[in-house]
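**Q** I'd like to go over a predicted model; first the sequence, then the structure.
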Amino acid sequence: MSDNAENKKKDFRIRPFNAADYPQMREIYEQGLNTGHATYETRSLTFEEFKNVKIMSSVFVAVEEDDDSKVLGWVCAAQASTRTVFHGVVEDSIYLSKEAQGRGIGGALLDQLIEVCRDLHKWAIHSWIFPENEGSAGLHKSRGFVKVGTYSHMAKMTYGELAGQWRDTDVYELLLPKPEEKKAEANQKRK
């Protein structure tokens, strides 16, 4: 988080999303899509598609403190794999509107997601970030994510200024307590 964001009075709040927020969430996603540095996807999801792929209890929005209906950014998790053995591993998505940048909103949203993932007994959060997206990489590192590698030539971009170019993707990971560690911690607290 920047010094400016830390020193400013918090003028937003984080809350669980509701269906009425989705048009603004979609618009914010499309702003990221238009940069060419946020996702390989070529279109935003319909609300039905979104509900089918995201862990809905992990979806939170940042709104203006004085206008609960004005969405500034959002965060959520999706299962990283359909394989049962990986049920504790999720991939995050975080998107901010242009007016949200530099206000500490990204950090607050990511903090909320990390807490929810702990509560959902997830043990790892992954984030796939284009190397050019330094803002997202910096945000994730500020919350303890570690770059664990780079997928080279992951996919070819089909739109934007890099259309036709093969893109690399950096993989960041945040490890959370494993289920047995959480159980041992709970037992310690009872003593």
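**A** Happy to help now that I have it.

**Q** Going by C-alpha atoms from here, please, whenever you check contacts or count neighbours.
**A** Fine.

**Q** which residues are contacting the top strand by length along the chain?
**A** Across the chain, the longest stretch assigned as strand under DSSP state E is strand 67-79. Contact with strand 67-79 is made by 21, 24-25, 28, 53-56, 58-64, 87-97, 99-100, 105-106, 109-110, 113, as judged by C-alpha atoms under 8 Å, 6 or more residues apart in numbering.

**Q** what about 7 Å?
**A** For strand 67-79, the external contacting residues (C-alpha atoms under 7 Å, 6 or more residues apart in numbering) are 21, 24-25, 28, 53-55, 58-64, 87, 89-97, 100, 109-110, 113.

**Q** What strands line up against that strand, and which way round?
**A** Paired strands of strand 67-79, with direction, are strand 60-64 (antiparallel), strand 89-96 (antiparallel) (DSSP bridges).

**Q** can you pull the alpha-carbon coordinates of it into PDB?
**A** Listed next in PDB are the C-alpha coordinates belonging to strand 67-79 (Å, rounded to 0.1, in the frame of the first residue of the first chain):
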ATOM      1  CA  ASP A  67     -22.800   5.800  -1.600                       C
ATOM      2  CA  ASP A  68     -23.300   2.100  -1.000                       C
ATOM      3  CA  SER A  69     -24.400   1.600  -4.600                       C
ATOM      4  CA  LYS A  70     -21.200   3.000  -6.200                       C
ATOM      5  CA  VAL A  71     -18.900   0.000  -6.800                       C
ATOM      6  CA  LEU A  72     -15.200   0.900  -6.900                       C
ATOM      7  CA  GLY A  73     -13.700  -2.600  -7.200                       C
ATOM      8  CA  TRP A  74     -14.300  -6.200  -6.500                       C
ATOM      9  CA  VAL A  75     -12.500  -9.400  -5.500                       C
ATOM     10  CA  CYS A  76     -13.400 -13.100  -5.600                       C
ATOM     11  CA  ALA A  77     -11.900 -16.600  -5.700                       C
ATOM     12  CA  ALA A  78     -12.600 -19.500  -8.000                       C
ATOM     13  CA  GLN A  79     -11.500 -23.100  -7.600                       C
END
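
**Q** Pull the contacting residues for residue 21.
**A** Residue 21 touches residue 71, counting by C-alpha under 7 Å, 6+ apart.

**Q** SS state for it?
**A** Under DSSP: H, G, I helix; E, B strand; the rest coil, residue 21 falls in the helix class.

**Q** Show me the helices in the chain, by range?
**A** Per DSSP state H, the chain has helices spanning 3-7, 22-35, 47-53, 105-119, 134-142, 179-190. These are given in chain order.

**Q** Tell me which of those helices lies nearest to residue 126.
**A** Across the helices of the chain, residue 126 has its closest neighbour in helix 134-142 (9.9 Å, C-alpha to C-alpha).

**Q** Residue 166 is in contact with residue 152, correct?
**A** No - assessed by C-alpha atoms under 7 Å, residue 152 is found out of contact with residue 166, at 8.4 Å.

**Q** Would you reformat the strands paired with strand 67-79 as TSV and include distance to residue 47 and mean neighbour count?
**A** Shown next, in TSV, are the strands paired with strand 67-79 (distance: least, C-alpha to C-alpha, whole Å; neighbours: other C-alpha atoms under 10 Å):
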stretch	distance to residue 47	mean neighbour count
strand 60-64	15	23
strand 89-96	15	22
